[in-house]
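Chemist: this one's sequence-less:
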């Protein structure tokens, strides 16, 4: 069973930065997109950002545009989420996810329909 492993979460003051990373626990074929989601206490999990593995096209939810940046190393199936200018409302458990398709490339990262997930990493932003 493929599982994604996140790291890099922690406690930071408002205005600070964190860098999350995500890598599968085993070699995984057919990754077409990877994404980050987050879930705050009492709220539903929401899409934060995604990246196409073939085109490098990224997509971000409006609340993080200009502050968060995704990057990847396709050869290592590794991706990162650089989070700058963090706000208390960014506090949540962050999950990485991968979408796999053995036959088709994905040009634009989707916001739903991911196949593999990580266990999550806590990000806490203090005011």
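Modeler: Great, that's in hand. Computed from a prediction, not measured in an experiment: that's the story for all the values here.
Chemist: How about the contacts made by the residue most central in space within the chain?
Modeler: The chain has residue 36 as the residue nearest its centroid, 2.2 Å off, counting by Cα atoms, centre = their mean. Going by Cβ atoms under 8 Å, 6 or more residues apart in numbering, residue 36 touches 20, 22, 47-50, 70, 81, 94-97. The way it works is simple: take the backbone N, C-alpha and C, and place the C-beta from them, glycine included.
Chemist: go with 10 Å
Modeler: 6, 20, 22, 47-51, 60-61, 64, 68, 70, 79-81, 83, 94-97, 118 (Cβ atoms under 10 Å, 6 or more residues apart in numbering).
Chemist: Counting only strands, which of those make the cut?
Modeler: 6, 20, 22, 47-51, 60, 68, 70, 79-81, 83, 94-97 (DSSP state E).
Chemist: Going through these, which ones are buried?
Modeler: Neighbour-count burial (16 or more other Cβ atoms under 10 Å) is assigned, among the ones in strands among the contacts of residue 36, to 6, 20, 22, 47-51, 60, 68, 70, 79-81, 83, 94-97.
Chemist: What is the distance between stretch 78-92 and the centre of its chain?
Modeler: Offset of stretch 78-92 from its chain centre (Cα atoms, centre = their mean, to the nearest Å): 9 Å.
Chemist: One more: stretch 107-115?
Modeler: That offset, for stretch 107-115, works out to 12 Å (Cα atoms, centre = their mean).
Chemist: For it, give me every contacting residue.
Modeler: Applying Cβ under 10 Å, 6+ apart, the external contacts of stretch 107-115 come out as 2, 4, 28, 30-35, 37, 46-61, 70, 95-101, 106.
Chemist: Now with 8 Å, please.
Modeler: 33-35, 47, 50-52, 54-55, 57-59, 97-100.
Chemist: rewinding a little: which residue comes closest to the residue nearest to the centre of the chain once chain neighbours are left out?
Modeler: Among residues not flanking residue 36 along the chain, residue 48 sits closest, at 4.4 Å (Cβ to Cβ, 6 or more residues apart in numbering).
Chemist: Perfect, that will be all.
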